[in-house]
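Trainee: Okay, predicted coordinates and the sequence, questions at the end:
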Amino acid sequence: MVAALVDRHRPTRLVVCLDLDWRPQWRVDLVPTYKTHRLAAAPSFPGEEEVPDDLTPQVDKIMAVLAAAGIATGGAKGFEADDVLGTLATQESVDEVVVVSGDRDLLQLVADEPNPIRVYYVGRGLAKAELYDPAMVAERYGVPADRAGEGYAELATLRGDSSDGLPGVAGVGEKTASTLLLRYGSLDALRRAVDDPASGLAKGMRAKLEAGAEYLDRATPVVRVARDAEVIMSKTDELPATPADEVALKDLGTKYNAENAVARLIAAMAGQQS
Ligand code: MN
Ligand code: MN
């Protein structure tokens, strides 16, 4: 996958972002159901994540391959990979950033200003990957075009997200959330409308949003990715044209029966179409 991404986007810099904590306690303290359904049924340690049996053994191998290739990894203690992506993307001021993720939460990062941030959504596989800019997020999700990234986060907060154990405001689905955000412009403005008897908000909707007010207070910082995590990098993020240790990388390819994948990665880093 990294080889294909390097082929397609020809990045000069690349960071693989890690979950050093997949379910930070500060998020759970705000919304207790956060990712609760993903906790292991029979944990070997408290807070273990239920992950497919074939994934865990791959992680150490992936880390070894990345190190031998010379590809940087970044993580922040107590934060999810989402927060590392949010921090690195929004703190970048030189190069256009492409955030690659299969998690729609990251759509909140799209921006044109001050520095362009695009989100390459790969949740339906690389063959169906889509590159989102703010205009595309606004069009697809029906959020205000002048603040599409923030608008997407607000839409997700109102709507909820069952894959993360976030219930959303009862009675407000994606379509309703979009209608409300387009009408009022932002979640803040919508919430002021709830408190303003003259705002013209329908009675039933006002009641739903009043009932969901505490949830909105709590879920807003849970859904927003951090932009100020203390990211520790394994190395600088320059993507080298040759592997850091080509012999070690090829050995890993042989050891893990991944010779073709390693060869594609080496070719992609060298700028040769594979
Ligand atoms: Mn996420
Ligand atoms: Mn998510």
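Mentor: Okay, I see it. Numbering: from 1, shown residues only. Ligands and ions are numbered 1, 2, ... in the order given.
Trainee: For the stretch 101-250 of the chain, which residues are neighbours of ligand 2?
Mentor: The stretch 101-250 of the chain comes close to ligand 2 at residues 103, 105, 164, as judged by C-beta under 5 Å from the ion. Backbone N, C-alpha and C define where each C-beta goes, glycine included.
Trainee: Is the residue lying closest to the second one once chain neighbours are set aside within a helix or a strand, and which one?
Mentor: This means residue 105. The spatially closest residue to residue 105, leaving aside those adjacent along the chain, is residue 82, at 5.6 Å (C-beta to C-beta, 6 or more residues apart in numbering). Assessed by DSSP states H and E, residue 82 sits inside helix 81-91.
Trainee: Return the set of buried residues in that helix.
Mentor: By neighbour count with 16 or more other C-beta atoms under 10 Å, helix 81-91 contains the buried residues 81, 82, 83, 84, 85, 86, 87, 88, 89, 90.
Trainee: Could you identify the helix or strand that succeeds it?
Mentor: Remark: after helix 81-91, the chain's next helix or strand is strand 97-101, criterion DSSP H and E.
Trainee: I'd like to check what contacts the next helix or strand after that following strand. Which residues are they?
Mentor: With elements assigned by DSSP H and E, the helix or strand that comes after strand 97-101 is strand 117-121. When contacts are taken as C-beta atoms under 8 Å, 6 or more residues apart in numbering, the neighbours of strand 117-121 outside the stretch itself are 5, 9, 89-90, 92, 96-102, 104, 106-107, 109-111, 129-133, 137, 149.
Trainee: all helices of the stretch 1-150 of the chain, in order?
Mentor: When assigned using DSSP state H, counting those that start in this stretch, the helices of the stretch 1-150 of the chain occupy the ranges 2-9, 25-30, 56-69, 81-91, 134-141, 148-159.
Trainee: Same list (these) but as TSV, adding mean pLDDT.
Mentor: What follows is the helices of the stretch 1-150 of the chain, written out as TSV (pLDDT from 0 to 100):
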stretch	mean pLDDT
helix 2-9	94
helix 25-30	96
helix 56-69	93
helix 81-91	98
helix 134-141	98
helix 148-159	98
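Trainee: Of all those helices, which one is nearest residue 272?
Mentor: With C-beta to C-beta as the measure, helix 2-9 is the member of the helices of the stretch 1-150 of the chain nearest residue 272 (9.0 Å).
Trainee: on contacts alone, who are the packing partners of the closest one?
Mentor: Helix 2-9 makes packing contacts with helix 259-270 when contacts are defined by 3 or more C-beta pairs under 8 Å, 6 or more residues apart in numbering; DSSP states H and E.
Trainee: Okay, residue 226 and residue 27: tell me how far apart.
Mentor: From residue 226 across to residue 27, the span is 10 Å (C-beta to C-beta, to the nearest Å).
Trainee: any shared contact partners between those two?
Mentor: Residues touching both residue 226 and residue 27 by C-beta under 8 Å, 6+ apart: none at all.
Trainee: pLDDT wise, what is the residue of the stretch 151-274 of the chain found nearest ligand 2 at?
Mentor: Closest approach of the stretch 151-274 of the chain to ligand 2 (C-beta to the ion) occurs at residue 164, with a separation of 4.4 Å. Looking at residue 164, its pLDDT is 95.
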